[in-house]
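> kindly generate the corresponding structure for this input.
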Amino acid sequence: MPKSADRGRRTREQLLDAAAQLVGEVGWGAVTTRLVAERAGVNAALVHYHFSSVQELLSTAALQFAEKVLAESADALRASDPADGIERMLEELSRYTGTDPESLLLAEALLASHRLPELRTSLAALVAGFRARVADWLRGADVKDADAVALLLGAAIDGLVLHRALDESVDFRVVAGPFRRLVSS
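Predicted coordinates:
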């Protein structure tokens with residue numbers, strides 16, 4: 001790859017990282033071209049060279065992060081039998097407080113998706129893909145109603161993070177037993 005293309009790719013990644021951090025810190029609506037450029041350590045003109053708008057930049061950053069989080073969660077589940085997978089999922093979730101920048105990025109992206117149809121469509125596809133991966137894993141372990149259980153697990157993950165954001169004493173470990181029973185064959 002030519003040096004200029006490599007440099008352009010690095011700049012784009014710096015902009016995406018900066019945008020993701022800033023959304024979690026100041027909120028979707030407060031992120032500006034100038035803030036992103038300053039955080040990324042690049043000229044502000046490069047934001048619009050790589051992205052048609054700040055909204056496109058923020059959407060791309062949020063989708064990239066959401067894809068990573070959902071893949072990690074699905075991988076944590078799939079690495080073992082369903083009951084042990086639940087333990088791994090809860091362990092994976094424990095790093096999200098609901099008020100950490102990553103949780104806030106996802107919450108802000110969800111809110112923005114109601115105003116940005118392309119973001120909504122893309123987030124919906126990521127979530128559907130997560131559910132499909134989890135349902136396939138559950139079917140492979142002969143769990144009854146695998147699609148419904150996958151939907152419940154996905155909704156529970158979201159709900160647990162939301163509850164922890166509102167009440168920091170929420171301990172994900174207390175739901176391990178009921179979740180394990182849910183995925184028992």
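
> just want the most central residue of this structure.
Note on the chain: the residue nearest the mean C-alpha position is Ala66, at 2.6 Å, using Cα atoms, centre = their mean.

> secondary structure element for Ile157?
Assigning secondary structure by DSSP states H and E places Ile157 in helix 146-166.

> elements contacting that helix?
helix 82-93, helix 101-113, helix 117-140, helix 176-182 (3 or more Cβ pairs under 8 Å, 6 or more residues apart in numbering; DSSP states H and E). For every residue, glycine as well, the C-beta is placed using N, CA and C.

> and that helix, how far out from the chain middle?
13 Å (Cα atoms, centre = their mean, to the nearest Å).

> buried residues, the least confident helix or strand in the chain by mean pLDDT. List them.
Ranking every helix and strand in the chain by mean pLDDT, DSSP states H and E puts helix 82-93 at the bottom, with a mean of 83. Buried residues in helix 82-93, counted by 16 or more other Cβ atoms under 10 Å: 82-83, 85-90, 92-93.

> and the residues you listed, which is closest to Ala40?
Glu92 (28.4 Å; Cβ to Cβ).

> look up how far Asp6 lies from the closest one.
Glu92 sits 33 Å away from Asp6, going by Cβ to Cβ, to the nearest Å.

> again, but for Ala165
On the measure of Cβ to Cβ, Ala165 and Asp6 end up 39 Å apart.

> who has more neighbours, these two?
Neighbour totals were compared for Ala165 and Asp6, and Ala165 leads with 17 against 10 (other Cβ atoms under 10 Å).

> contacting residues for that one?
97-99, 103, 107 (Cβ atoms under 8 Å, 6 or more residues apart in numbering).

> low-confidence regions, the protein specifically.
Where the chain drops to pLDDT under 70, the residues are 1-2, 79, 185.

> buried residues, stretch 22-39. List them.
Quick answer for stretch 22-39 (16+ other Cβ under 10 Å): 22-24, 28, 31, 33, 35-37, 39.
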